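**Student:** What would the 3D arrangement of this be:
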Amino acid sequence: MKELGAGKGLSSAMVRLFALAAGLSVANIYYAQPLLAAIAKTFGVGVGTASLLATLTTAGYAVGLAFVVPLGDVRDRRGLVTALLLVTSTMLALSAAAPSFGVLAAASAVLAVTAVAGPILVPFAASLARDEQRGAVTGTVMSGVLLGVLLARTAGGVIAGIGGWRAVYGVAAVLTIGLAGALWRTLPSLQPAQQLGYGRLLASAMELARTEPVLRLRSAFGFFGFATFSVFWTSIAFLLVRPPYSFGEATIGLFALVGVAGASAAKLTGRLTDRGGDQAATGVLLALLVASWAVIAFDGGHELILLIAGVVLLDFAVQGAHVTNLSVIYRLRPEARSRVTTVYMTSVFLGGMAGSAASGAALAAGGWSAVALSGAGFGSAALLLWIAQTVMSHRRGHAHTLSGADMVAQQ
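**Tutor:** Residues are numbered from 1 along each chain as shown. Purely as a prediction, here's the structure:
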């Protein structure tokens, strides 16, 4: 089944709006990360207590992925996205005016749940796109998501430096409510392809994971890819704050801009998958992912030019593989793209948590070399999985060819 009005195509302006909206939505859960020390000082709590905000937003986003994103398959996505953004903007405004740490923590948890407008917008754009432009559209919208993730920390630090940490939440609230209005006026209203009760909807997402081997494979690629991405970004600040770099917090925050170059992979690979090159693209990108860690690890990470080159290569590979994965899985069940997104993004999210945990343990045990080894390990697991899957596919194809030849011979 197909949503009414789906597949008619998207203009360039509409694609850019989707990308901007997806990026601003996901950025809302990352603004706080450079602000934790300032928040701790304002409310007189320890840094450990303040860091609970990061834990709450992580947990809240996971809840949103599991329990909110599937609604995109059975609700008008325009109305759903607008409602989520309005709740998010309200929680951001409450955070800006929070009289206590408890209020800020509660608001952060709620806004993290509703910040999943991005994972709803990606399949929404894919549904509206024509078949021949779906990969490129998905890539462009995902580049917006990735830029939101990368630039949120930098933007949060810059705005806080000008007007304090409360100003970050205030600016984000204004941007989010403006975005809600723009999307409500611009996006089309689509009739959902299915009508399911909420319990059945959630159960069907699990059924998709069980019955779609391609979804499981691509979810595994997503898990390992985002794990290696998180390995790097979890520990890089500890490398840069020490000699020979001795960078300050502002400079470390600006280092995230290096990763922006990698977002270009989203558009490039999106166009490639539209031409049917997803299998080869995946293998090349995963090989680049593994190779990037050799560059990053050189001389213990103490060569700045090579470190930057390795980061660009790492981000290019991770983002490119991510878009390729989405392009492939969105062909599986057009009427269930939000649930497909839930399965895939939950796997990606779990990979991120695994990578962060592994990175911290590796840094404590063996320094930056151990971190690089950990990152390369996750990347190698993805590449080996791709090799195994490719070999099995060729063997199945060869077996089918032989079977056909036998039939001809028997005739």
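**Student:** element containing Leu383, please.
**Tutor:** Assigned by DSSP states H and E, Leu383 belongs to helix 337-410.
**Student:** no wait, Ala173
**Tutor:** helix 165-186.
**Student:** Quick one: distance of that helix to the chain centre.
**Tutor:** 21 Å (Cα atoms, centre = their mean, to the nearest Å).
**Student:** One more: stretch 380-389?
**Tutor:** Relative to the centre of its chain, stretch 380-389 is centred 21 Å away, using Cα atoms, centre = their mean.
**Student:** Put the alpha carbons of it into CSV.
**Tutor:** Provided in CSV are the C-alpha atoms of stretch 380-389 (Å, rounded to 0.1, in the frame of the first residue of the first chain):
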residue,chain,number,x,y,z
SER,A,380,36.5,-4.0,11.0
ALA,A,381,33.4,-5.9,12.3
ALA,A,382,31.2,-4.0,9.8
LEU,A,383,33.6,-4.7,6.9
LEU,A,384,33.9,-8.4,7.8
LEU,A,385,30.1,-8.7,7.9
TRP,A,386,29.9,-7.0,4.5
ILE,A,387,32.5,-9.4,3.1
ALA,A,388,30.7,-12.5,4.5
GLN,A,389,27.3,-11.3,3.2
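**Student:** Please shift the residue numbers so they start at 897 in all later answers.
**Tutor:** Renumbered: residue one is now 897, and that last one reads stretch 1276-1285.
**Student:** what comes up buried for it?
**Tutor:** If you call a residue buried by 16 or more other Cβ atoms under 10 Å, then stretch 1276-1285 has these buried ones: Ser1276, Ala1277, Ala1278, Leu1279, Leu1281, Trp1282, Gln1285. Every residue, glycine included, has its C-beta placed from N, CA and C.
**Student:** do stretch 953-965 as well
**Tutor:** Across stretch 953-965, burial judged by 16+ other Cβ under 10 Å covers Thr953, Gly956, Tyr957, Ala958, Gly960, Leu961, Ala962, Phe963, Val964, Val965.
**Student:** which one of the buried residues of stretch 1276-1285 sits closest to Leu1184?
**Tutor:** Leu1279 (9.7 Å; Cβ to Cβ).
**Student:** roughly how far apart are the closest one and Phe1245?
**Tutor:** Leu1279 sits 21 Å away from Phe1245, going by Cβ to Cβ, to the nearest Å.
**Student:** Same question for Thr1082.
**Tutor:** Taking Cβ to Cβ, one finds Thr1082 at 29 Å from Phe1245.
**Student:** Isn't Thr1124 up against Leu1210?
**Tutor:** Yes: using Cβ atoms under 8 Å, Thr1124 is in contact with Leu1210, at 7.4 Å.
**Student:** re the thing from before, so which of the buried residues of stretch 1276-1285 is the closest to Leu1136?
**Tutor:** Nearest to Leu1136, judged by Cβ to Cβ, of those is Ser1276 at 25.4 Å.
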